[in-house]
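Novice: got a predicted structure plus its sequence, pasted below:
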Amino acid sequence: MSSLVRSERTRYIQTVTTAADPSRERWNRRWAGERASAATTPSGFLIAETETLPPGRALDVACGAGRNAVWLARHGWRVTGVDFSDVALRAARELAVASGVEVEWIEADAVTWVPPGRAYDLVTVMYLQLPARERRAALAHAASAVRPGGTLLVVGHDLLNLTEGSGGPTQADVLFTPDDVVAEIGDLAIEKSLRVQRAVDGGGAARDAIDALVRARRPAGG
Ligand SMILES: C[S@@+](CC[C@H](N)C(=O)[O-])C[C@H]1O[C@@H](n2cnc3c(N)ncnc32)[C@H](O)[C@@H]1O
């Protein structure tokens with residue numbers, strides 16, 4: 001069962017109907033707690049990798065409190081943001097309203113929710129850290145949503161961050177490498193696949209964070 005809430009500036013679709021999911025509950029607590037005042041600054045990698053693309057339809061998977069989805073919408077994209085945390089999506093909606101943009105929000109589990117196939121000019125997956133089996137499913141869905149000529153951007157905490165970086169998850173099983181992503185996104189053409197360094201918020205950290213970044217494109221006839 002799903003439900004749809006419409007208001008003047010937002011469209012909210014709820015598809016999560018499963019019994020309590022501990023991971024979702026954990027994220028809801030996190031977003032309700034110290035992360036309630038979540039960063040609204042978009043990812044520098046998102047900006048760098050997408051600012052030259054002509055705006056079209058974008059899907060932000062695991063959009064959290066909406067910083068990236070709202071930035072895209074402010075730059076002319078028609079955006080759908082998906083996350084399984086209703087608490088995050090509430091913050092995301094507030095950010096969109098405060099920013100004067102319209103975004104479609106979908107409350108769904110990225111592991112099981114199947115987006116419309118080949119429908120988006122840009123699909124972003126930023127810092128969705130899942131165990132390998134779930135990540136593979138989520139990335140396969142994300143890749144399948146990229147339309148011919150469209151772009152997939154995946155950024156997340158790299159495995160190397162555990163020993164040589166700063167911040168991020170401390171469980172190795174939810175970290176990944178660029179090669180993992182490349183192996184999991186099917187037949188898209190890889191444009192970039194690399195480890196990138198990111199200055200940690202607050203600037204007090206002794207070293208940068210290490211992220212994995214993959215940008216890929218579905219060939220025009222693909
Ligand atoms: C570290 S936050 C990143 C949020 C956003 N992408 C950003 O860069 O600001 C990770 C997000 O993934 C969401 N998430 C984790 N597992 C998920 C799943 N299985 N389906 C949908 N969202 C999920 C969490 O609720 C959280 O909002």
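Specialist: On my side now, so go ahead. Numbers count the residues shown, from 1 in each chain.
Novice: every contact and neighbour count from this point should use C-alpha atoms.
Specialist: Noted.
Novice: what parts of this protein come near the ligand?
Specialist: Proximity of the chain to the ligand, by Cα under 6 Å from any ligand atom, involves residues 27, 62-64, 67, 83-85, 88, 108-111, 126-128.
Novice: which strand runs longest in this protein?
Specialist: Secondary structure of the chain per DSSP state E: the longest strand is strand 146-157.
Novice: which residues in the chain form strands?
Specialist: Counting by DSSP E, the strands of the chain are 3-7, 10-14, 57-61, 78-83, 103-107, 120-126, 146-157, 189-198, 209-217.
Novice: per-residue pLDDT, Pro22?
Specialist: Note for Pro22: predicted pLDDT of 88.
Novice: quick one on the thing from earlier: got the contact list for the longest strand of the chain?
Specialist: Residues from elsewhere that reach strand 146-157 (Cα atoms under 8 Å, 6 or more residues apart in numbering): 45-46, 49, 117-129, 142-143, 168-169, 175-176, 181, 209-222.
Novice: rewinding a little: restricted to buried residues, select the residues of the chain next to the ligand in ChimeraX.
Specialist: Buried members of the residues of the chain next to the ligand, defined by 16 or more other Cα atoms under 10 Å, are picked up in ChimeraX with:
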select :27,62,63,64,67,83,84,85,88,108,109,110,111,126,127,128
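Novice: mind picking the two most distant members of the residues of the chain next to the ligand?
Specialist: Longest distance between any two of the residues of the chain next to the ligand is 21.4 Å, between Arg67 and Val111; criterion Cα to Cα.
Novice: for Arg198, grab the count of nearby residues.
Specialist: 16 (other Cα atoms under 10 Å).
Novice: same question for Gly44.
Specialist: Around Gly44 there are 10 residues (other Cα under 10 Å).
Novice: and the gap between it and the ligand?
Specialist: Gly44 sits 10 Å away from the ligand, taking Cα to the nearest ligand atom, to the nearest Å as the criterion.
Novice: residue contacts, the closest residue to Gly156 other than its chain neighbours?
Specialist: Spatial nearest neighbour of Gly156, excluding adjacent residues (Cα to Cα, 6 or more residues apart in numbering): Tyr127 at 4.1 Å. Going by Cα under 8 Å, 6+ apart, Tyr127 touches Ala62, Val155, Gly156, His157.
Novice: save the residues you listed as CSV, and put in distance to Gly56 too.
Specialist: Shown next, in CSV, are the contacts of Tyr127 (distance: Cα to Cα, whole Å):
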residue, distance to Gly56
Ala62, 19
Val155, 20
Gly156, 24
His157, 27
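Novice: would you map the helices across this structure?
Specialist: For the chain, the helices defined by DSSP state H cover 22-32, 44-50, 67-74, 86-99, 132-144, 161-164, 178-184.
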